[in-house]
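>>> Starting from these lines, generate the structure:
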Amino acid sequence: MNSETNNTNYVGATAYVIAIIGAFAIVAGLVWAMLHYTQAPPLNADRAAERAKAFTEMRAAETEALTHVGWIDQSKGVVRLPIEDAMKLMESEWRNPAVGRSNLIARVEKATAVPPPAPAKPSPFE
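This next block holds a predicted model:
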């Protein structure tokens, strides 16, 4: 009688082991399918060269913007300065904090000023 319960225990344990291995196999198959179907196509040489050229142009534009003077909005008088020049200008301007603050506020108001609205069209019934 003891051998029958041992056989039943082995059969039950074997069934659990097979179920666990089957579950792992199903998950592994799903992972493989996801990797296979969602993988992006490789970049070809033309696309890689195009990206490298765009990156080089972007870096050149950034370097030019950081090291040369230029207009941001000429109508409002807003310019772009190199960082070193801007730091020297601010250092000399902020020796007197009250004057520096008033100049800064005036420049911000000038740069963010909203133009007046266009005049309303008169009604054709007037």
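
>>> For the chain, give me the ranges with low pLDDT.
For the chain, the stretches flagged by pLDDT under 70 are 1-8, 126.

>>> Could I have the CA atoms of the helix or strand hosting residue 105 written out in PDB?
In the assignment (DSSP states H and E), residue 105 maps to helix 97-111. The C-alpha coordinates for helix 97-111 follow below in PDB (Å, rounded to 0.1, in the frame of the first residue of the first chain):
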ATOM      1  CA  PRO A  97      22.400  95.800  -8.600                       C
ATOM      2  CA  ALA A  98      19.600  98.300  -8.700                       C
ATOM      3  CA  VAL A  99      20.600  99.600 -12.100                       C
ATOM      4  CA  GLY A 100      21.200  96.100 -13.400                       C
ATOM      5  CA  ARG A 101      17.800  95.000 -12.200                       C
ATOM      6  CA  SER A 102      16.000  97.900 -13.800                       C
ATOM      7  CA  ASN A 103      17.900  97.400 -17.100                       C
ATOM      8  CA  LEU A 104      17.100  93.700 -17.000                       C
ATOM      9  CA  ILE A 105      13.400  94.400 -16.400                       C
ATOM     10  CA  ALA A 106      13.400  96.900 -19.200                       C
ATOM     11  CA  ARG A 107      15.000  94.500 -21.700                       C
ATOM     12  CA  VAL A 108      12.600  91.700 -20.700                       C
ATOM     13  CA  GLU A 109       9.600  94.000 -21.300                       C
ATOM     14  CA  LYS A 110      11.000  95.100 -24.600                       C
ATOM     15  CA  ALA A 111      11.700  91.500 -25.800                       C
END
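
>>> in that helix, what's buried?
Residues of helix 97-111 classed as buried by neighbour count (16 or more other Cβ atoms under 10 Å): none. Glycine gets a C-beta too; all of them are placed from N, C-alpha and C.

>>> roughly how far is it from the heart of the chain?
On the basis of Cα atoms, centre = their mean, to the nearest Å, helix 97-111 sits 32 Å off its chain's mean C-alpha point.

>>> go on, stretch 102-112?
30 Å.

>>> Please enumerate residues in contact with that stretch?
73, 76-78, 93 (Cβ atoms under 8 Å, 6 or more residues apart in numbering).

>>> Out of the residues you listed, list just those in helices.
Among the contacts of stretch 102-112, DSSP state H puts residue 93 in helices.
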